[in-house]
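Undergrad: what's the 3D shape of this:
(chains A and B)
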Amino acid sequence: DSGVTQTPKHLITATGQRVTLRCSPRSGDLSVYWYQQSLDQGLQFLIQYYNGEERAKGNILERFSAQQFPDLHSELNLSSLELGDSALYFCASSLYLTGSTGELFFGEGSRLTVL
Amino acid sequence: AQSVTQPDIHITVSEGASLELRCNYSYGATPYLFWYVQSPGQGLQLLLKYFSGDTLVQGIKGFEAEFKRSQSSFNLRKPSVHWSDAAEYFCAALKTSYDKVIFGPGTSLSVIP
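TA: Below is the predicted model:
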């Protein structure tokens, strides 16, 4: 158990809909990262937050947004969903910005299926 | 552009055989390097990491990796594979303290009893 909790574990929805994925980082971790894993794109970095502030952005679509709350949990919002958004979405956390240890602690992921 | 490549998409080995998974990176300077493992239905777990110093790094579960600057490689090895090692293995790199971790495409390992 990594200590990172993601909900929901599975989600099935229709095209055009909006969903919210939630992540609770390990106790004490300040950084939260979101990754998308799909068969054709592999593991793609979406966005990083550190202590409530956005620190880095990757290949995140404009239809997607995220935030980190004062209690350090994070939410990833996916809107106007398309079939291609079907993927496994991982949240990871680390105590600091990754350079200090380089280790990310991953949750078990939220599997999104868009029909 | 920064990138991490894993030439082997899928590897099958017999239980008890040795294993080597390949990883190459393309960065302006030597990044921090990592190997993560993803078991079925699980998130990723760090196996080992290289920051500097000794080029042979020991990790958990009996894995080791060797950094070779001349080849821009960081290959993962295990002398004797167990059936429980069947999983997806990701090589990853981080350029600086404030950069994002970039993952390779992964290598899927199957173990034959």
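Undergrad: let me see the contact set for A:Glu75.
TA: Applying C-beta atoms under 8 Å, 6 or more residues apart in numbering or on different chains to A:Glu75 gives the contacts A:Thr20, A:Leu21, A:Arg22, A:Cys23, A:Ala66, A:Gln67, A:Phe69. From N, CA and C alone the C-beta is placed, and that goes for glycine too.
Undergrad: 10 Å instead, please
TA: A:Thr20, A:Leu21, A:Arg22, A:Cys23, A:Val32, A:Trp34, A:Ser65, A:Ala66, A:Gln67, A:Gln68, A:Phe69, A:Cys91 (C-beta atoms under 10 Å, 6 or more residues apart in numbering or on different chains).
Undergrad: from the residues you listed, which would you call buried?
TA: Among those, the ones that count as buried by 16 or more other C-beta atoms under 10 Å in any protein chain shown are A:Leu21, A:Cys23, A:Val32, A:Trp34, A:Ala66, A:Gln68, A:Cys91.
Undergrad: tell me which two in these are the farthest apart.
TA: The largest separation in the buried ones among the contacts of A:Glu75, counting by C-beta to C-beta, is between A:Leu21 and A:Gln68 at 13.1 Å.
Undergrad: need the overlap of contacts for those two.
TA: Joint contacts of A:Leu21 and A:Gln68 (C-beta under 10 Å, 6+ apart) are A:Ser74, A:Glu75.
Undergrad: contacts for the helix or strand bottoming out on mean pLDDT in chain B, please.
TA: Every helix and strand of chain B was ranked by mean pLDDT, DSSP states H and E. The lowest is strand B:102-103, at a mean of 89. The list of residues contacting strand B:102-103 from outside it, by C-beta under 10 Å, 6+ apart, reads A:35, A:37, A:42-45, A:58, A:104, B:1-4, B:6, B:25, B:27, B:31, B:34, B:36, B:44, B:90-95.
Undergrad: no further questions, thank you.
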